[in-house]
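Colleague: what's the 3D shape of this:
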Amino acid sequence: MTDPAAPTRGDLPTERVNPASVHIDEMSSREIVALINAEDATVAPAVQTQLDEVARVIDLAVERFRRGGRLFYVGCGTSGRLGVLDAAECPPTFGTDPELVQGIIAGGRAALVRSSEAKEDATEDGAAAVDEQGVCADDMAVGIAACGLTPYVHGALVRAHELGAATALITCNDAVRSAVQADVVVAPMVGPEVLAGSTRMKAGTATKMVLNMITTGSMIRLGKAYGNLMVDLRARSDKLRRRAVRIFKAVTGTTDDAEAWRWIQSADGRVKTAVVMHQLGLDRDAAETRLEECDGFLRRALEAAG
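Modeller: The predicted model follows:
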């Protein structure tokens, strides 16, 4: 990926001085939080301008998942941590294999808890990280870089593209759009931060919103929701067991917690399977077969039985 016209860092939207906060060092605590809150209120409208692009990323991810591929987030610093966080939330929320959505951060696991910003300057390290994960043409790589210029992320996207993977970039610098070698660029323009250059703030918030949309939208498209219920969760903690019982009761009309839990246990903790067993009078194997025939969509499985 070529450097997008090599703009100086000071000219980037995320690095400029915010005129609203030039006197923030003279403000009271109440005034500071009011200012930050006012700036944060501009994030959702900025993300809203990118809904078409986010939808395209979801479509690409779903297409890759249906081919047996995976989704990789690649980033450095705050961007990398947000990618790892979103990936880590998929197994408990949607019952996915941990390999399905993965986060790659410059500096590895240590960078999750200790800053290693120097790692972001090595283009070749980004490419190497893609190779180490065995990225292939069935996969998708989503780079995350608030400024849009991070060499590590560029290197990863270029290599993923060479391997035939689908690619996307999430950035808060729209100026890089035409120069980025990616299938989709998502660029919510949140403007300068309250503290100039502190992209863990508005840029980080916008990134988190976009990542939430990508994985949530993709998993819904894959049949991991019934209405707005997370029917593919695995009941592996007390919190999730209670949530699983509530979901089972909501779908089936069962009113007794103990009965609901017995059905879920008989389905090896799989709420969706338990619902099909209960509603259609099937054993676990038959219920899982019915779901497979309906591509994992609970609604289709129930409606197919009339």
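Colleague: for the stretch 101-250 of the chain, which spans come out with low pLDDT?
Modeller: Applying pLDDT under 70 to the stretch 101-250 of the chain flags the ranges 116-118.
Colleague: how about the helices in it?
Modeller: 123-132, 151-162, 202-221, 238-252 (DSSP state H, counting those that start in this stretch).
Colleague: now render these as a markdown table, adding mean neighbour count and distance to L71.
Modeller: The way it works is simple: take the backbone N, C-alpha and C, and place the C-beta from them, glycine included. Listed next are those as a markdown table, based on neighbours: other Cβ atoms under 10 Å; distance: least, Cβ to Cβ, whole Å:
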| stretch | mean neighbour count | distance to L71 |
| --- | --- | --- |
| helix 123-132 | 18 | 13 |
| helix 151-162 | 24 | 11 |
| helix 202-221 | 22 | 7 |
| helix 238-252 | 17 | 23 |
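Colleague: dump those helices to CSV, plus distance to R114.
Modeller: Formatted as CSV, the helices of the stretch 101-250 of the chain follow (distance: least, Cβ to Cβ, whole Å):
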stretch, distance to R114
helix 123-132, 17
helix 151-162, 17
helix 202-221, 18
helix 238-252, 29
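Colleague: nearest to L60, out of those?
Modeller: helix 202-221 (9.4 Å; Cβ to Cβ).
Colleague: centre-most residue in the protein?
Modeller: By Cα atoms, centre = their mean, the mean C-alpha position of the chain lies nearest to L211, the distance being 3.3 Å.
Colleague: nearest to P45, out of the helices of the stretch 101-250 of the chain?
Modeller: P45 lies closest, by Cβ to Cβ, to one member of the helices of the stretch 101-250 of the chain: helix 202-221, at 10.3 Å.
Colleague: closest to R16 out of the helices of the stretch 101-250 of the chain?
Modeller: Short answer: helix 202-221, nearest of the helices of the stretch 101-250 of the chain by Cβ to Cβ, at 12.2 Å.
Colleague: for that closest one, packing partners?
Modeller: Using 3 or more Cβ pairs under 8 Å, 6 or more residues apart in numbering; DSSP states H and E as the contact test, the elements touching helix 202-221 are helix 29-40, helix 43-48, helix 51-66, strand 71-75, helix 77-94, strand 140-144, strand 166-170.
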